[in-house]
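Asker: Sharing a model that was predicted from the sequence below.
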Amino acid sequence: MFHNCLRLGAACNSIVLLCLLSACASTPGTKALVDRSALTALQRIGVTVTQEEDFSVLWGRDQFAGAPNFGGSAGGGLLGLIVLAAAIGGTSSADAEYTRQIKPALGAYDAAKLFTTGLVRNLQHEPRFITVVNVAADEKSAAKGRGLDGIAEITLKRWGLRLCGAADTEVKVQAGFYIEGRIVSVAKGETVWERHEFHLDSECRTLDELSSQKGLLVNLLSRVIDYLSGKMANEIRFP
């Protein structure tokens, strides 16, 4: 089913595939440590994780807006070629169809909730903070009344499946996440730490596999979330 769909628009998609093959790799992300002393002074923090966009499958283009720039400015280099190929191919409707067909395999999957659980657990793993609790997005204004002195605000900007760059005769996809995180001092309302994380998982699968094999898609995404929440926790604990 999916394999046949991916054959559509092959002329343009081959251009995109060529561009993406060299870009499908994890990047270390970027970190802006605004105030080390202010960050290390925080003892009681709340964790808020929100989801900016829903799960998506992007075959013909990479839409990690704000992600690390692969090859120069937005108008040139590799990213420019990807944007150009996408404009020629007009694959957004196909992407929406792939997403619609595979999304039932997710069931009631809640990426933000899982990331929250993972980040809180990892931050509590070592005695760096006295208190680490989950704070709903609409309760951040009451953080001071709860005795918290910092809020870790994590946003899942874009997440889902992206074209895999591994050499293979079959078209495959991999889990992709673009995440933004910051820690805000409750007392001053200032950002003391900030992180942008772009990650493409190394495991490549066909859309048919992920759609037909029960639990495969959920396990793949959950493993990546567990890895990224642990990585971000380490960045916060050891700036």
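Answerer: Structure's in. What do you need? Numbering: from 1, shown residues only.
Asker: list the buried ones in stretch 45-58?
Answerer: 45-49, 51, 55-58 (16 or more other Cβ atoms under 10 Å). C-beta: built from backbone N, CA, C; applies to glycine.
Asker: just stretch 147-166 next, same as before
Answerer: Neighbour count says stretch 147-166 has 148-165 buried, by 16+ other Cβ under 10 Å.
Asker: Export the longest helix belonging to the chain to CSV, keeping only CA atoms.
Answerer: As assigned by DSSP state H, the longest helix anywhere in the chain is helix 216-237. Written as CSV, here are the backbone C-alpha positions of helix 216-237 (Å, rounded to 0.1, in the frame of the first residue of the first chain):
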residue,chain,number,x,y,z
LEU,A,216,6.3,-1.3,16.3
LEU,A,217,5.7,2.4,15.6
VAL,A,218,4.9,3.1,19.3
ASN,A,219,8.0,1.3,20.5
LEU,A,220,10.2,3.1,18.0
LEU,A,221,8.9,6.6,19.0
SER,A,222,8.9,5.7,22.7
ARG,A,223,12.6,4.6,22.6
VAL,A,224,13.5,7.9,20.9
ILE,A,225,11.6,9.9,23.5
ASP,A,226,13.3,8.0,26.3
TYR,A,227,16.7,8.8,24.8
LEU,A,228,16.0,12.5,24.2
SER,A,229,14.4,13.0,27.7
GLY,A,230,17.5,11.5,29.3
LYS,A,231,19.8,13.5,27.2
MET,A,232,18.0,16.8,28.0
ALA,A,233,18.0,15.9,31.7
ASN,A,234,21.8,15.4,31.6
GLU,A,235,22.2,18.8,29.9
ILE,A,236,20.2,20.4,32.7
ARG,A,237,21.9,18.7,35.5
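Asker: From the chain's centroid, how far away is that helix?
Answerer: Distance of helix 216-237 from the chain centroid (Cα atoms, centre = their mean, to the nearest Å) equals 10 Å.
Asker: got it, and stretch 229-239?
Answerer: 16 Å.
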